[in-house]
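Undergrad: below is the sequence, then the predicted model.
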Amino acid sequence: MRAPSTSSLLEFRNWQVEIGPGARLPVRDWLLAPGQCIALRGGSGSGKSLLLRSFMGLEPARGRRFHGGQEVISLRSFRTKVQFIPQVPTFEPRMSAAEAIGARTSAQQARAASELECLGVADPTALLARTVDVASGGERARLALVRALLMEPVVIVLDEPTAALDPENERRFEMRLQEWLGEKPTQRAVIFTSHSQAQRVRLASEEWEVSLLP
């Protein structure tokens, strides 16, 4: 049996995802190395989002999942170090935004406010104090990134993360993601989906083609 790669952050061995009756992605290995920023490329309905969700254990798949050369046993532990940001982020309702993103201590709240300011939020302290239910789509996208950053992950997985942002704030989001990756390039990686070719060119070090079997 082939040993898992000890140089990869994530490896999905003999990975197969069923899309629906008669539709599936081809069986293959997916390997994410430190420093990589991978974009999944494919048409609408090709299974990009489903593939990301299967990596996170949110959709059924066949195969073996490795993190840092070790087979993943606990998805709960895995999801701490590998943070997933869906296209429409969800939060516990009726909480303040600070509580919803896990910024409970004064130090965490100060960091969250600093991150939100970097992401273009005009009054981050006010946003953190408000109930998260009333946050706009763009605010929720940025709160989701800050929530992920506060967890100190080694991999961030994003599904169309800037769909709710205007071009100026989209670039801020991208720049923060690039900064995060550049802070520890031998220990971190990013994988994302985007329908924007321009965004993939700006962010990705490599693209993976995703397509259904004929």
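TA: Happy to help now that I have it.
Undergrad: could you use CA atoms for every contact and neighbour count after this?
TA: Fine.
Undergrad: what does the helix or strand encompassing residue 78 rub up against?
TA: Per DSSP states H and E: residue 78 is located in helix 75-81. Contact partners of helix 75-81, identified using CA atoms under 8 Å, 6 or more residues apart in numbering, comprise 56, 57, 67, 72, 151, 152, 153, 154, 155.
Undergrad: can you pull the contacts of the residue most central in space within the chain?
TA: Nearest to the mean C-alpha position of the chain, counting by CA atoms, centre = their mean, stands residue 157 at 2.2 Å. Each residue near residue 157 by CA under 8 Å, 6+ apart is listed here: 52, 82, 83, 84, 85, 190, 191, 192.
Undergrad: for these, give me a markdown table that also has distance to residue 17, neighbour count and pLDDT.
TA: Shown next, in a markdown table, are the contacts of residue 157 (distance: CA to CA, whole Å; neighbours: other CA atoms under 10 Å; pLDDT from 0 to 100):
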| residue | distance to residue 17 | neighbour count | pLDDT |
| --- | --- | --- | --- |
| 52 | 10 | 21 | 96 |
| 82 | 20 | 25 | 98 |
| 83 | 20 | 23 | 98 |
| 84 | 18 | 24 | 98 |
| 85 | 20 | 19 | 98 |
| 190 | 21 | 26 | 98 |
| 191 | 18 | 22 | 98 |
| 192 | 18 | 25 | 98 |
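Undergrad: what's the closest of those residues to residue 105?
TA: Nearest to residue 105 among the contacts of residue 157, counting by CA to CA, is residue 83 at 20.7 Å.
Undergrad: wait, isn't the closest one in contact with residue 155?
TA: Yes - under the criterion of CA atoms under 8 Å, residue 83 makes contact with residue 155 at 6.4 Å.
Undergrad: for the longest helix belonging to the chain, buried residues please.
TA: The residue-count maximum for a helix in the chain (DSSP state H) belongs to helix 167-183. Across helix 167-183, burial judged by 16 or more other CA atoms under 10 Å covers 169, 170, 171, 172, 173, 174, 175, 177, 178, 180, 181.
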